[in-house]
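Asker: Generate a structure from the sequence data that follows.
(2 chains)
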Protein chains: 2
Amino acid sequence: MSATEIKVYRDLMGANAEWAAKTRALLAERGITMVNIIGSPGAGKTALLEKTITLLAGKRRVAVLEGDIETTRDAERLQVLGIPVSQLLTGGGCHLEAKMIHHALVDLPLDALDLVVVENVGNLVCPAEFDIGEAAKIAVLSVTEGEDKPLKYPLLFREARAVVVTKTDLLPYLPYNLSLCLDNIRRINPDIPVYEVSSLTGEGLVEWCNWLQHPAG
Amino acid sequence: MSATEIKVYRDLMGANAEWAAKTRALLAERGITMVNIIGSPGAGKTALLEKTITLLAGKRRVAVLEGDIETTRDAERLQVLGIPVSQLLTGGGCHLEAKMIHHALVDLPLDALDLVVVENVGNLVCPAEFDIGEAAKIAVLSVTEGEDKPLKYPLLFREARAVVVTKTDLLPYLPYNLSLCLDNIRRINPDIPVYEVSSLTGEGLVEWCNWLQHPAG
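Answerer: The predicted structure is shown next:
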């Protein structure tokens, strides 16, 4: 090491922004759209993806990057659908960062893809803070979580480009006011599109998949 | 500032451990038990507390420290029950730390309390990493979150002294295998007590409240 060399350690978020920018440039160059699905554990993200991938077959060539703390269970659920899936394990970390996404992305068969869906770690808080180079963050919220969550966890609902309200098949059995939940979402983000879906019955999935084909507007 | 003074910045977790120890000593001196309730957004933590406080009335003098990112909604829900409640707002932070707990605790009427229940920020990941001086962490998991969550988010289930499985009234309407969920909990923590409850019907709440009266064993 010569006397003129200086070691530089960038701050975490600065480095994250650089990796996100690199990813965004790569995706633009390849004409690929990437979205970042964020929601609580058990909100129904993976079930939504299972149905979404099936509905997009023949329309969009999709790959999934599955974020989890431990286990490859979610990647296994999606791999049977015959698409490229990679499992990103954070080993305790509560969100995905841009560097890990970039490395996983360049290992995908990019020439054969239109859409990359990232399923973030189940967490309504931390993943909303991190840009991973996506075209759009998407908030997933199940009806069993209560109507007040957009107000209590506003960052995600402010950052998101769409909200998917899941598990609508359970509405008859819940003390739940769907229009109050929609009001709360719109208090945080007035013009955001909201899709009400059931991955069990299929309700609302076609409308959601139509949006997902052009998520950047 | 004299030449002999040196500024010391302790690492975050080190400072947290000191505040937790200070809290633990204070609670021991006053004969108060403190528990730390952790679960996803919408797992039913506040609804469980509403019922728990009612059932413990006349048996334990309870106060609640309500952790949230924003809003005082949960504290308002509990205050109508006539117990001391404080709202701890993290302002974006994804978990409660020991210092904030300590400051809120010393402001409670400690002479008139047997049990302090902390409801952590809705998050199955980060709060499990922080000791706040509690006698026991308690994991809350709703049946709508799926059977696999103990395996995917193992730290909390390893750290917890009890698990409360909530919303059992929804079991008839879910593709859900409760015994598989219990098996998964016990793969992570073989001897942990598990309470299956419905805050709507009251099922299982008496057994849970019996445990909560002696959570340190």
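
Asker: what helix or strand is A:Val117 on?
Answerer: strand A:115-119 (DSSP states H and E).

Asker: Would you mind listing the buried residues in that strand?
Answerer: For strand A:115-119, the neighbour count (16 or more other Cβ atoms under 10 Å in any protein chain shown) marks A:115-119 as buried. From N, CA and C alone the C-beta is placed, and that goes for glycine too.

Asker: likewise stretch A:146-163?
Answerer: Using 16+ other Cβ under 10 Å as the test for burial, stretch A:146-163 gives A:146-157, A:159-163.

Asker: gap between the two ends of that stretch?
Answerer: This stretch, stretch A:146-163, spans 15 Å end to end (Cα to Cα, to the nearest Å).

Asker: Check stretch A:121-136 too.
Answerer: For stretch A:121-136, the separation between the terminal residues is 16 Å (Cα to Cα).

Asker: how about it, does it reach chain B?
Answerer: Yes - on the criterion Cβ under 8 Å from any Cβ of the partner chain, stretch A:121-136 is in touch with chain B at A:121-126.

Asker: what about that stretch, distance to the chain center?
Answerer: Stretch A:121-136 sits 7 Å away from the centroid of its parent chain (Cα atoms, centre = their mean, to the nearest Å).

Asker: who in chain A is up against chain B?
Answerer: Residues of chain A lying near chain B (Cβ under 8 Å from any Cβ): A:40-42, A:68-71, A:73-74, A:92, A:94, A:121-126, A:142, A:144-146, A:148-149, A:151-155, A:167, A:169-170, A:173-175, A:200.

Asker: Inside helices: which ones of these?
Answerer: Judged by DSSP state H, helices contain the following of the residues of chain A next to chain B: A:73-74, A:149, A:151-152, A:154-155.

Asker: Adding pLDDT and distance to A:Glu134, write the residues you listed out as JSON lines.
Answerer: As requested, these are exported to JSON lines (pLDDT from 0 to 100; distance: Cβ to Cβ, whole Å):
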{"residue": "A:Arg73", "pLDDT": "93", "distance to A:Glu134": "23"}
{"residue": "A:Asp74", "pLDDT": "94", "distance to A:Glu134": "18"}
{"residue": "A:Lys149", "pLDDT": "97", "distance to A:Glu134": "21"}
{"residue": "A:Leu151", "pLDDT": "97", "distance to A:Glu134": "24"}
{"residue": "A:Lys152", "pLDDT": "95", "distance to A:Glu134": "24"}
{"residue": "A:Pro154", "pLDDT": "96", "distance to A:Glu134": "19"}
{"residue": "A:Leu155", "pLDDT": "97", "distance to A:Glu134": "15"}
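
Asker: May I ask which two of these are separated the most?
Answerer: A:Arg73 and A:Leu151 (31.7 Å; Cβ to Cβ).

Asker: For chain A, which segments count as helices?
Answerer: Assigned by DSSP H, chain A shows helices spanning A:12-30, A:45-56, A:73-79, A:98-106, A:149-152, A:154-159, A:178-188, A:205-212.

Asker: How many neighbouring residues does the spatially closest residue to A:Ser40 that is not a sequence neighbour have?
Answerer: Nearest non-adjacent residue to A:Ser40, counting by Cβ to Cβ, 6 or more residues apart in numbering or on different chains: B:Ser40, 4.4 Å away. Using other Cβ atoms under 10 Å in any protein chain shown, B:Ser40 has 28 other residues around it.

Asker: so how far is B:Val121 from B:Ser40?
Answerer: Separation of B:Ser40 from B:Val121 (Cβ to Cβ, to the nearest Å): 10 Å.

Asker: do A:Ala75 as well
Answerer: For A:Ala75, the distance to B:Val121 equals 28 Å [Cβ to Cβ].

Asker: same deal with A:Leu170?
Answerer: Per Cβ to Cβ, A:Leu170 is found 25 Å from B:Val121.

Asker: What of A:Gly44?
Answerer: Using Cβ to Cβ, A:Gly44 is found at 21 Å from B:Val121.

Asker: More neighbours: which of the two?
Answerer: Neighbour totals were compared for A:Gly44 and B:Val121, and A:Gly44 leads with 27 against 23 (other Cβ under 10 Å).

Asker: residues contacting the nearest residue to the more buried one once chain neighbours are set aside?
Answerer: Closest residue to A:Gly44 apart from its sequence neighbours, by Cβ to Cβ, 6+ apart: A:Thr166 at 3.9 Å. Applying Cβ atoms under 8 Å, 6 or more residues apart in numbering or on different chains to A:Thr166 gives the contacts A:43-44, A:47-48, A:140-143, A:197-199.

Asker: if we go to 7 Å?
Answerer: A:43-44, A:48, A:140, A:142, A:197, A:199 (Cβ atoms under 7 Å, 6 or more residues apart in numbering or on different chains).

Asker: Bridge partners for the spatially most central residue of chain A, pull those for me.
Answerer: Centrality entry for chain A: nearest residue to the mean C-alpha point is A:Ile37, 1.3 Å, by Cα atoms, centre = their mean. Beta-bridge pairing of A:Ile37 under DSSP bridges involves A:Glu119, A:Ile138.

Asker: show me the contacts for it.
Answerer: With Cβ under 7 Å, 6+ apart, A:Ile37 has these contacts: A:45, A:117-120, A:138, A:140.

Asker: The same query, at a cut-off of 8 Å, please.
Answerer: Applying Cβ under 8 Å, 6+ apart, the residues contacting A:Ile37 are A:45, A:48-49, A:117-120, A:138, A:140.

Asker: ok, so what distance separates it from B:Asn189?
Answerer: For A:Ile37, the distance to B:Asn189 equals 29 Å [Cβ to Cβ].

Asker: now swap in A:Leu81 and tell me
Answerer: According to Cβ to Cβ, A:Leu81 stands 33 Å off from B:Asn189.
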